[in-house]
Each structure stands twice: as C-alpha cells, then as structure tokens.
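Chemist: Okay, structure incoming, though there's no sequence with it:
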C-alpha cells in the first residue's frame, strides 16, 4: 500500500477546512431557517413524526437514499460514493416534555422544548450532509446518517439497532460520530479520550404498606416513612461504600404516594437515577440500592418492595486512535485555543449503543453561548442556562456553523484517505 506523506495529509486537511467552511457559510441562511422551525416544533420521544419527516425530506433533496420509521420514528439516510469506509453520523430527534421559557421569538409553545439542543444537532447534521455531498470528489465510501428517536429516554439507539440498523443498511460501520451542544463558548469544541459520559440506570421502587387513618398510624403500616428512610439511607451507599475517588451518584427525583394529608396510603412509588463511569462502581451501586430498599421495608416489618433497576445507556468510550486522528484536524481548522480536552460529563447518552457494537467512535461537544457570557459565568457572574433548563437558548450563529463544519471535517478525515489511494 502506498503511504501518503504527512505533509500531503496536512495540506489536504487545510483544504478540507477551507472548503467546508465556505460551503457552510453559503448555506447558513437556509440552515438557520430549518433550525428555527425545528426549535419551534419539538416532539418528545417516539413521537417525532413531523421532525423525522422534515429531516427525511431534506436528506432526499441532497441525494441520500432515505428510509423512515426505523426503530419506530427513526430515519436512516445512505449516500454511496465508491469503495471506502462506512461512516455513521448520528443526530437525535426528540425534545423534552417541558415548557420553554427562553423568551425567544421562535420559542416552542406546545408543551415540549428542545432544551437539550437536539435542534442544533439536527441542523448541523443536515449541514454536514450537504457539505459532504458537495465535496464528494474528496472522499470515497458510504455515509450512514441516522436520525435517532428517543435519546432523552435512553432507548432510541436500542430501538434502531433492534430494528436491524446494521443488518438492513450495509453492515456495521467502520466509524461513528456524534456531537452535542454544551454551555461552552461558541466557536469552541470539547472532547476527551476514553469515557465521555456515564452509565445510566433508572430506579423504580414501590414500597408496600397498609392504608389507614392518619390519626391511627398504629392501625396501619406507613409506606411513606419506609420510603423516607430509604431516600436518606441510600446515600450511605455513595458516602460509605463507594471509593470516594470514583464517580457515582444516586439521585431520587420523584416520590409519589397518597392523596390527602389525613390518609396513610397503601403504597409509595420512588423513582430515581444511578450514574457511574466504571462497571465495578455501577454494580456496587445497583446492589446497594436493592439492599437498602429491602432493608428499609424489613425494618418496618413491611412486605418486600417491588424493586426495578432498569438499565439505560452505558458510558460512551471514545476510541483513542480516532480522537488523536480527529483532534489534529479540528485544531488546524479552529485553532488550538478553541479545541480542547474536557472532563467526562456525568450525564448519559445512548450513542454508546453503537460504539459498544465494536465500532470506533467519537462523541464531542460544541459551544453555544457568547464567549463573554461564559467567561462572566465562570467568574461567578450571571450563569448561562445549562442543558435541560427551560431557559436554554443557544445562539444559532456561529454555533450551528461550528458544529456543522466540525462534523464535516471529522468525517472527511476518515474518508479522504480512500479517495487519495492510487
């Protein structure tokens, strides 16, 4: 095999950056219009009918072969351009079930919100697709662009894989990429080697008692006090059983039981989340939550609770070689100061479902706020809204441009070598 000199690779990367930037700047007005439409019409997990149809129509215009309703509401778009690697590029489709309070003129008013930035991701995904097709003389291979439903419920990736994503559309990809908007300065990119997100497991526990009158608790068996004991005691699994140098969180986010103040209910439902990086810590926390739940009931001589610990997304593990290969291209395009490593996030993401199939992947972050606002927040000033806040309001330009160009360059970097072969 003929080796391509490093000087030639660097020159090609510089040319790619210039070409991609020019293309994305030219198409930006159309991208911003799409972004504002998507932002104003969010749809929650597995209900993304309008969103999926909009993306499918746009991808057909570009020239992709599009299949809809993969994994219920997912979209798969394929573009073949000769012999070369297959590269998966994923965007999420879903919004969150919450009211938006951003005050933007194009804010959602339908009881859902793109408060995690998936509208930014979709728009950048479309921009990258357009740019890559326009630059098809510079690469060879197959693009697999997927619009994934239900990322927020950590279930959409599994749904698409279970629906034959790899079997139906050409096999397992050679590489996989995804990005996520983050409350960083726009024009900047963050990334990491190894773990970039956490394992996620859901807690759903029903504590059982015996209902009665609030004035006669001795004639009842109070599941509220059992649940309250559990909520407090389960934190000792974190503080006294887990290695303090290892990341792990058990958070209880919902307690539901009873109807009025003078009735002791029969049951109380507790819901929460477990987050971790390492498999060993994950197993320790899962076992600890189950043990404390059973012990809390046993202390009250109550029936054993119904304990459901539901697996969600596993930690994303970025491929070291792919990260090293990609970071150089991004730094050349955006500058060393604007492309930097960052700690793993404690949130979870089901992009891990694809890379856990043995696909080398890279998941990176792009900023969405004015640099001066981020700098002021870092110094203790007015905070910028974080993902999932009802006030989350990315600045479209240049946030979308940066995300689209970064994804275009990441994909070109792994596909252009095939085009350069004699």
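Modeler: Received it, and whenever you're ready, just let me know what you need. Worth saying up front: this structure is predicted, and the values here are computed from it rather than measured.
Chemist: what sits against residue 74?
Modeler: With contacts defined as CB atoms under 8 Å, 6 or more residues apart in numbering, residue 74 is in contact with 52, 68, 93, 146-149, 156, 159-160, 163. C-betas here are computed from N, CA, C, even on glycine.
Chemist: One more pass at 7 Å, please.
Modeler: By CB atoms under 7 Å, 6 or more residues apart in numbering, the contact set of residue 74 is 146-149, 156, 159-160.
Chemist: And for residue 150?
Modeler: With contact taken as CB under 7 Å, 6+ apart, residue 150 is in contact with 45-46, 94, 156, 159.
Chemist: now residue 246
Modeler: So residue 246 contacts 278, 281 (CB under 7 Å, 6+ apart).
Chemist: can we see that at 6 Å?
Modeler: residue 281 (CB atoms under 6 Å, 6 or more residues apart in numbering).
Chemist: Wasn't it part of a strand?
Modeler: No - using DSSP: H, G, I helix; E, B strand; the rest coil, the secondary structure at residue 246 is coil, not a strand.
Chemist: still on that earlier bit, can I get the contacts of residue 150 in JSON lines with distance to residue 21 and neighbour count?
Modeler: As requested, the contacts of residue 150 are exported to JSON lines (distance: CB to CB, whole Å; neighbours: other CB atoms under 10 Å):
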{"residue": "45", "distance to residue 21": "34", "neighbour count": "23"}
{"residue": "46", "distance to residue 21": "36", "neighbour count": "18"}
{"residue": "94", "distance to residue 21": "30", "neighbour count": "25"}
{"residue": "156", "distance to residue 21": "31", "neighbour count": "28"}
{"residue": "159", "distance to residue 21": "35", "neighbour count": "22"}
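Chemist: closest to residue 31 among those residues?
Modeler: residue 94 (20.0 Å; CB to CB).
Chemist: need the contacts of residue 74 in TSV with pLDDT, secondary structure and distance to residue 133, can you?
Modeler: As requested, the contacts of residue 74 are exported to TSV (pLDDT from 0 to 100; DSSP: H, G, I helix; E, B strand; the rest coil; distance: CB to CB, whole Å):
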residue	pLDDT	secondary structure	distance to residue 133
146	99	strand	16
147	99	strand	17
148	99	strand	21
149	99	coil	24
156	97	helix	25
159	98	helix	27
160	99	helix	23
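Chemist: and the residues you listed, which two are the farthest apart?
Modeler: 147 and 159 (12.4 Å).
Chemist: wouldn't residue 116 be in contact with residue 389 here?
Modeler: No - contact between residue 116 and residue 389 fails when scored by CB atoms under 6 Å: they sit 9.6 Å apart.
Chemist: helices or strands up against the longest helix seen in the chain?
Modeler: Assignment by DSSP state H gives helix 6-40 as the longest helix of the chain. Secondary-structure packing of helix 6-40 (3 or more CB pairs under 6 Å, 6 or more residues apart in numbering; DSSP states H and E): helix 118-134, helix 320-334, helix 396-420.
Chemist: Give me the buried stretch members for the helix or strand immediately after that helix in the chain, please.
Modeler: Sequence-wise, the next helix or strand downstream of helix 6-40 (DSSP states H and E) is helix 49-62. Buried positions in helix 49-62, judged by neighbour count with 16 or more other CB atoms under 10 Å: 51-52, 54-56, 58-59, 62.
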